[in-house]
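1. quick one, what's the 3D model for this:
(chains A and B)
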Number of protein chains: 2
Amino acid sequence: MNKGSQGKTNGVDIDRLLATIDAIQKTPSLATFKFRARNKWIAGGRNRSTVQQFYGAGQEDASRKGPFVMENDEPDVLLGSDAAANPVENVLHSLAGCLTTSLIYHAAARGVTIDAVESRLEGDLDLHGFLGLSEQVRNGFEGVRVTFRISSDASPEQLAELCKVAQARSPVFDIVTNRVPVTVSLEK
Amino acid sequence: MNKGSQGKTNGVDIDRLLATIDAIQKTPSLATFKFRARNKWIAGGRNRSTVQQFYGAGQEDASRKGPFVMENDEPDVLLGSDAAANPVENVLHSLAGCLTTSLIYHAAARGVTIDAVESRLEGDLDLHGFLGLSEQVRNGFEGVRVTFRISSDASPEQLAELCKVAQARSPVFDIVTNRVPVTVSLEK
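-> Numbering: from 1, shown residues only, chains lettered A, B, ... in the order given. Coordinates of the predicted model:
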């Protein structure tokens, strides 16, 4: 089950992961990343983001040959053209992916082989917030529930522990469950 | 400039928007939505979400004929196969889209026509958190900067006010800047 430090575990190159940790311990500034997105409004609730460049490991990354393109829209009942998932659904996508990746990478670092991971997410949102109809109702999710199903030869205790590690280490779990300072400016 | 209450402003059907607000004021439970995503791990940092069903306006929505499919991956330097933007980049995409949609809808509700909206986002992330190398460093973004460029015949004061309204009403801005309770469970 445990492929050890040779080759990959869960698709993660453990030698490179350990080398990355070693490099950051020697040169802490290598851990500094700046991630970026650009977005352009199309019409109504529809808009399109492009993601390509980022700064990390001490330099501007040049490995991506082209941009990733993602869209947001709103369903018909929210007056959109329903060409894509909406922004809060995309948050659930980000949260699911980040918890999964955190679980997989930390499992790999411990030598635990995972065969399959699936998750279902549901978030509660009350439109009174967005529409400005009540100051007692928040704009965003009032709560989110995540349910994981994991296939692995690892013990139930190990899998429960990995679920905790995923929450303890996931960047998007932190972003959603804690406050991030966001500054918005308008170019003249 | 202002297309008034006939037809659409900024691609938003104002008559339907006003009818929605009216319906929610008469029947508050129509504002209750539940948004959902499912995610499946592929390998390493790569995973795939599907988004289709949601509950809202008093019923399970049946208008979407198929799922939206979105992926997460990690760039090479983060040991991924770089098949998609990563989860924190997808958060920037969600945030950009939600602020833009909030600005556009609330502009439409005020009769302000917008010609173009573009935004650039940058978020700072220190890998010491994700890797568990420091308890002093958070896992998620330490800060996010959003810069808007808006083309409109509206006055600079109106555009500045719309930028504030977007922040005051955007669900994803609330999710990122405030705490959302998230519960994670593991199916046996």
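2. ok, how many other residues are close to A:His93?
-> 32 (other C-beta atoms under 10 Å in any protein chain shown). For the C-beta atoms, the positions are set from N, CA and C on the backbone; glycine is no exception.
3. can you pull the contacts of it?
-> Listed by C-beta atoms under 8 Å, 6 or more residues apart in numbering or on different chains, the contact partners of A:His93 are A:Ala85, B:Ala37, B:Asn39, B:Ser49, B:Val51, B:Met70, B:Asn72, B:Asn90.
4. quick check on it: phi, psi?
-> The phi/psi pair for A:His93 (degrees, to the nearest 10) reads phi -60, psi -50.
5. how far away is the residue nearest to it when sequence neighbours are not counted from A:Val176?
-> Of all residues not flanking A:His93 in the chain, B:Ser49 sits nearest, at 4.0 Å (C-beta to C-beta, 6 or more residues apart in numbering or on different chains). Distance, B:Ser49 to A:Val176, using C-beta to C-beta, to the nearest Å: 15 Å.
6. about what we covered before: remind me what the host helix or strand of the residue nearest to A:His93 packs against, helices and strands.
-> In the assignment (DSSP states H and E), B:Ser49 maps to strand B:46-51. Contacts defined by 3 or more C-beta pairs under 8 Å, 6 or more residues apart in numbering or on different chains; DSSP states H and E place strand B:46-51 against helix A:87-109, strand B:32-43, strand B:68-72.
7. kindly export the first one (C-alpha atoms) in PDB.
-> Pointing back at helix A:87-109 there. Listed next in PDB are the C-alpha coordinates belonging to helix A:87-109 (Å, rounded to 0.1, in the frame of the first residue of the first chain):
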ATOM      1  CA  PRO A  87     -20.000  32.400  -7.700                       C
ATOM      2  CA  VAL A  88     -21.200  30.700  -4.500                       C
ATOM      3  CA  GLU A  89     -21.400  27.300  -6.300                       C
ATOM      4  CA  ASN A  90     -17.800  28.000  -7.400                       C
ATOM      5  CA  VAL A  91     -16.800  28.600  -3.800                       C
ATOM      6  CA  LEU A  92     -18.200  25.100  -3.000                       C
ATOM      7  CA  HIS A  93     -16.100  23.800  -5.900                       C
ATOM      8  CA  SER A  94     -13.000  25.500  -4.500                       C
ATOM      9  CA  LEU A  95     -13.600  24.300  -1.000                       C
ATOM     10  CA  ALA A  96     -14.200  20.700  -2.100                       C
ATOM     11  CA  GLY A  97     -11.000  20.700  -4.200                       C
ATOM     12  CA  CYS A  98      -8.900  22.300  -1.500                       C
ATOM     13  CA  LEU A  99     -10.000  19.900   1.300                       C
ATOM     14  CA  THR A 100      -9.400  17.000  -1.100                       C
ATOM     15  CA  THR A 101      -6.000  18.100  -2.100                       C
ATOM     16  CA  SER A 102      -5.000  18.800   1.500                       C
ATOM     17  CA  LEU A 103      -6.200  15.300   2.500                       C
ATOM     18  CA  ILE A 104      -4.400  13.600  -0.400                       C
ATOM     19  CA  TYR A 105      -1.000  15.500   0.000                       C
ATOM     20  CA  HIS A 106      -0.900  15.000   3.800                       C
ATOM     21  CA  ALA A 107      -1.900  11.300   3.400                       C
ATOM     22  CA  ALA A 108       0.900  11.000   0.900                       C
ATOM     23  CA  ALA A 109       3.400  12.600   3.300                       C
END
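8. surely A:Val77 is in contact with B:Tyr55?
-> No - A:Val77 is not in contact with B:Tyr55 according to C-beta atoms under 8 Å; the separation is 10.6 Å.
9. now do the shared contacts for the two.
-> B:Asp61.
10. ok, back up a step: out of the contacts of A:His93, flag the one nearest to A:Ser119.
-> B:Asn39 (4.7 Å; C-beta to C-beta).
11. what distance do you get for that closest one to chain A?
-> 3 Å (C-beta to the nearest C-beta, to the nearest Å).
12. quick one: contacts for that residue?
-> A:His93, A:Ala96, A:Gly97, A:Thr100, A:Glu118, A:Ser119, A:Arg120, A:Leu121, B:Asn47, B:Arg48, B:Ser49, B:Thr50.
13. also A:Thr183?
-> Contacts of A:Thr183 by C-beta under 8 Å, 6+ apart are B:Gly143, B:Val144, B:Arg145, B:Val146.
14. any idea of the pLDDT on the last one?
-> Reported pLDDT at B:Val146 in the predicted model: 98.
15. do A:Lys3 as well
-> In this model, A:Lys3 is scored at 42, pLDDT.
16. same deal with A:Asn86?
-> With respect to pLDDT, A:Asn86 scores 98.
17. same check on A:Lys188?
-> 81.
18. that one and A:Gly140, how far apart?
-> When A:Lys188 is compared with A:Gly140 (using C-beta to C-beta), they lie 30 Å apart.
19. then A:Leu103?
-> Counting by C-beta to C-beta - A:Leu103 and A:Gly140 are separated by 24 Å.
20. what does A:Leu186 give?
-> Taken as C-beta to C-beta, the span from A:Leu186 to A:Gly140 is 22 Å.
21. ok, these two, which is more surrounded?
-> Using other C-beta under 10 Å, the more surrounded residue of A:Leu186 and A:Gly140 is A:Gly140, with 26 against 16.
22. brilliant, that's me finished.
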